[in-house]
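1. structure, please.
(chains A and B)
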Amino acid sequence: RKEVEQDPGPFNVPEGATVAFNCTYSNSASQSFFWYRQDCRKEPKLLMSVYSSGNEDGRFTAQLNRASQYISLLIRDSKLSDSATYLCVVNIGGYQKVTFGIGTKLQVIP
Amino acid sequence: EAQVTQNPRYLITVTGKKLTVTCSQNMNHEYMSWYRQDPGLGLRQIYYSMNVEVTDKGDVPEGYKVSRKEKRNFPLILESPSPNQTSLYFCASSPHRDYGYTFGSGTRLTVV
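-> Residues are numbered from 1 along each chain as shown, chains lettered A, B, ... in the order given. A predicted model of the protein is given here:
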């Protein structure tokens, strides 16, 4: 089983739609969780950290479920500019061994 | 401007010719890391460093070396590059594990 698993998509959604991505992780000792966004051929950029209590940043909401070992990202009112690949990232333990999911590609269509 | 700077952006080299990709950050971050990204495989960690003179292997360290003699610099060394090291490489830094990484713009390496 992969340490971090994501559905690679692509997810094609119309503008204004709500879309949700899930990501599962295998190591129950994982301590830090993030969502990154990556545009084609560019570097990944931190979108948001993910906390057990859930957190929201504008149209984006991230949730962590430790019992089921998954994290989620919800995007409301999708914009064309949201088209990108979304990477789930898990940090295991007290050091910087960081594992990326393969990424989920989102295409928002007019 | 706070940033991670990688050089070169593009590099074509021949098998066996030693090369170094430089990485420098101006944010006084303790943690630095190198990744390679390949189609269908995603980002994979090569090496990481928790501070000066402290480095450890990631998931795919074979064929690579790193050093951390100064806090700001974390070069990636390929002693004898091979075609299977053709990839897109990213350097990244972070102040703490809970803060996520800032990435450099990437180095596209082709080994022929």
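
2. count the neighbours of residue 102 for me.
-> The chain I'm using is chain A. Neighbourhood size, residue A:102 [other Cβ atoms under 10 Å in any protein chain shown]: 20. Where C-beta positions appear, they are placed from N, C-alpha and C, glycine not excepted.

3. right idea, wrong chain: chain B
-> Using other Cβ under 10 Å, residue B:102 has 20 neighbouring residues.

4. repeat that for residue B:44.
-> 16.

5. ok, it touching residue B:59?
-> Yes. If you go by Cβ atoms under 8 Å, residue B:44 and residue B:59 touch, sitting 5.1 Å apart.

6. do you know how far the residue minimising distance to the centre of chain B is from chain A?
-> For chain B, residue B:34 is the residue whose C-alpha lies nearest the centre (Cα atoms, centre = their mean; 3.1 Å). Distance, residue B:34 to chain A, by Cβ to the nearest Cβ, to the nearest Å: 11 Å.

7. the nearest residue to that residue once chain neighbours are set aside: how many residues sit nearby?
-> What sits nearest to residue B:34 in space, not counting adjacent residues and going by Cβ to Cβ, 6 or more residues apart in numbering or on different chains, is residue B:46, at 4.3 Å. A count of neighbours around residue B:46, defined by other Cβ under 10 Å, yields 24.

8. same check on the one 4 residues further on?
-> Taking other Cβ under 10 Å as the criterion, the count of residues near residue B:50 is 17.

9. so for it, what's the pLDDT?
-> Listed pLDDT for residue B:50 reads 89.

10. if we can go back for a sec, show me the contacts for the residue nearest to residue B:34.
-> Residues counted as contacts of residue B:46 (Cβ atoms under 8 Å, 6 or more residues apart in numbering or on different chains) are B:33-36, B:58-61, B:64, B:66, B:76, B:89.

11. can you do 10 Å?
-> Contact analysis of residue B:46 by Cβ atoms under 10 Å, 6 or more residues apart in numbering or on different chains lists B:33-36, B:57-66, B:76, B:87, B:89-91.

12. so it: helix, strand or coil?
-> Recorded secondary structure, residue B:46: strand (DSSP: H, G, I helix; E, B strand; the rest coil).

13. now do it, the pLDDT please.
-> Looking at residue B:46, its pLDDT reads 96.

14. separation between it and chain A?
-> 11 Å.

15. ok, residue B:73 to residue B:101 distance?
-> Per Cβ to Cβ, to the nearest Å, residue B:73 is found 16 Å from residue B:101.

16. who has more neighbours, those two?
-> residue B:101 (29 against 16).

17. list the residues that contact residue B:37.
-> Contact analysis of residue B:37 by Cβ under 10 Å, 6+ apart lists A:38, A:41, A:43-44, A:100, A:103, B:43-44, B:87-90, B:106, B:108.

18. buried ones among the residues you listed?
-> A:38, A:43-44, A:100, A:103, B:43-44, B:87-90, B:106 (16 or more other Cβ atoms under 10 Å in any protein chain shown).

19. can you report how many residues neighbour residue B:99?
-> Residue B:99 - counted by other Cβ under 10 Å - has 14 other residues nearby.

20. what residues are up against the spatially closest residue to it that is not a sequence neighbour?
-> Leaving aside its chain neighbours, residue B:99 sits nearest to residue A:49 (7.6 Å; criterion: Cβ to Cβ, 6+ apart). By Cβ under 10 Å, 6+ apart, the residues touching residue A:49 are A:32-35, A:55, A:57, A:62, A:64, A:89, B:98-100.
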